[in-house]
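Colleague: What follows is a protein structure lacking sequence information:
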C-alpha cells in the first residue's frame, strides 16, 4: 500500500505496471492495473480506454499516472485520469526497487562469522565454499525473499536469513539436544534457490525457472552441485541437509514435497514461518503508516485485518 493512501487524495506518480487485465462490470468494460514502486503496490482503474493504451502499455512498462484515490469495497484504488508510457532515460530506476534499510555488508559479515564457528568440518567447508564466493555474495545480498509478501525488496533474502539465524541460535541454546551446526546449515541454505527464482528489473517478478521449478527444487539442485565438489562429504549429512530444504514449507499443501521429519527440520520450518509472517505483517503496517486508520486493509494471505490502534500519541492525551 502507498503512503498517504486516503480516499480523495490526488495522485501523480511514476510507477511500473505490474499487472494489466480487462474487467467487466455493470457500467461496462475497464482496464484494471496493478502498479508498483518502492512504496508498495497500488491498484488502478481506467474507464473509456483509448486504443493506444491497450496497445502500447504493457506489464513491466514504466508509466506516469494521474488521478484520484477512491474507496471501493474497503480497498483504496486509483481512478486514472491520465496515463503515459515513459521511455528509458525519462525516469530513475531506483524509484521501483524497494531495498532493505539495514546494512547488507554487516549482515553478510555476521553470517560469515557464524559459519566460521561451525564445528562440523563438512558443513563448515560447504558453507564457506558457497558464502565465500564474491559472485554469490553479490547475488545473495541483492535478492528479494518474495514477490509481494514478506521481505519483498532488494536485500530481503539476506535480511530474512540473518533474522532466522538469530532465532535459530537462540533455539539451539534452549534445546541443546539439537544439532546446532545442522540447524545453521538449514537456515543459510533453505531459501538459496530464490536467487534464481526471482527476476529483478523495474519490479520483482518470477523468472521462467522460478515459475517452472520453484525455489525448493532450485535450492536442492544448487546445494547438490556444491556437495558433489566436496570429497568424502557424508551421505547421511547430505540427506539431512536436503531434507531441511525440501520440507521447510512445513506441509504438502504449502508447497513442500515432504513434511519435516527431523527435529532440526521442524525448528527450521517454525522459525521460517515466524519470521515470514511477522515481517509481512510489519510491512503492511509500515506501508500504511501515513494514515490514521486503527485497522489495516484486509490481508488476504492472513485472512484477517491487523489492528494498529491509535498511531498518534496525542489521541491518548487527556
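Modeller: Looks like it arrived, so ask away. Just so it is clear, the structure is predicted and the values come from calculations on it, not from any experiment. Numbers count the residues shown, from 1 in each chain.
Colleague: from here on, contacts and neighbour counts on C-alpha atoms
Modeller: OK.
Colleague: Quick check: residue 30 is in a strand.
Modeller: Yes - Residue 30: assigned to a strand according to DSSP: H, G, I helix; E, B strand; the rest coil.
Colleague: show me the contacts for it.
Modeller: When contacts are counted by C-alpha atoms under 8 Å, 6 or more residues apart in numbering, residue 30 touches 22-24, 45-49.
Colleague: ok, for it, nearest residue in space, not its chain neighbours?
Modeller: residue 47 (4.9 Å; C-alpha to C-alpha, 6 or more residues apart in numbering).
Colleague: wait, that neighbour sits on residue 31?
Modeller: Yes - assessed by C-alpha atoms under 8 Å, residue 47 is found in contact with residue 31 at 6.7 Å.
Colleague: what about these two, which has more around it?
Modeller: A direct count of neighbours by other C-alpha atoms under 10 Å for residue 47 and residue 31 places residue 31 higher, at 18 against 14.
Colleague: Now that one: closest residue in space that isn't a chain neighbour?
Modeller: Distance criterion C-alpha to C-alpha, 6+ apart; nearest residue to residue 31, sequence neighbours excluded, is residue 22 at 4.7 Å.
Colleague: What distance do you get for that neighbour to residue 63?
Modeller: 18 Å (C-alpha to C-alpha, to the nearest Å).
Colleague: Which of the two has more residues huddled nearby?
Modeller: residue 63 (20 against 12).
Colleague: Give me the sheet partners of the helix or strand hosting that one and which way each runs.
Modeller: Following DSSP states H and E, one finds residue 63 within strand 62-72. Using DSSP bridges, strand 62-72 pairs in its sheet with strand 10-25 (antiparallel), strand 75-86 (antiparallel).
Colleague: Out of those strands, which gets nearest to residue 207?
Modeller: strand 10-25 (14.2 Å; C-alpha to C-alpha).
Colleague: Pull the number of nearby residues for residue 206.
Modeller: If we define neighbours as other C-alpha under 10 Å, then residue 206 has 17 of them.
Colleague: Make TSV out of the strands paired with strand 62-72 and add mean pLDDT and distance to residue 59.
Modeller: Formatted as TSV, the strands paired with strand 62-72 follow (pLDDT from 0 to 100; distance: least, C-alpha to C-alpha, whole Å):
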stretch	mean pLDDT	distance to residue 59
strand 10-25	91	5
strand 75-86	93	11
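Colleague: what sits against residue 65?
Modeller: 11-15, 80-84.
Colleague: okay, now the residue nearest to it when sequence neighbours are not counted: neighbour count?
Modeller: Excluding the flanking residues, the one nearest residue 65 by C-alpha to C-alpha, 6+ apart is residue 83, at 4.5 Å. Counted with other C-alpha under 10 Å, residues neighbouring residue 83 total 17.
Colleague: Stretch 190-198: end-to-end distance?
Modeller: 15 Å.
Colleague: Check the average confidence over that stretch, would you?
Modeller: Taken as a whole, stretch 190-198 carries a mean pLDDT of 97.
Colleague: again with stretch 168-181
Modeller: For stretch 168-181, mean pLDDT is 98.
Colleague: tell me which residues in it are buried?
Modeller: 168-169, 171-172, 178, 180-181 (16 or more other C-alpha atoms under 10 Å).
Colleague: Including distance to residue 131 and secondary structure, could these go into JSON lines?
Modeller: Putting those into JSON lines (distance: C-alpha to C-alpha, whole Å; DSSP: H, G, I helix; E, B strand; the rest coil) gives the following:
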{"residue": "168", "distance to residue 131": "18", "secondary structure": "helix"}
{"residue": "169", "distance to residue 131": "19", "secondary structure": "helix"}
{"residue": "171", "distance to residue 131": "23", "secondary structure": "helix"}
{"residue": "172", "distance to residue 131": "22", "secondary structure": "helix"}
{"residue": "178", "distance to residue 131": "23", "secondary structure": "coil"}
{"residue": "180", "distance to residue 131": "18", "secondary structure": "helix"}
{"residue": "181", "distance to residue 131": "15", "secondary structure": "helix"}
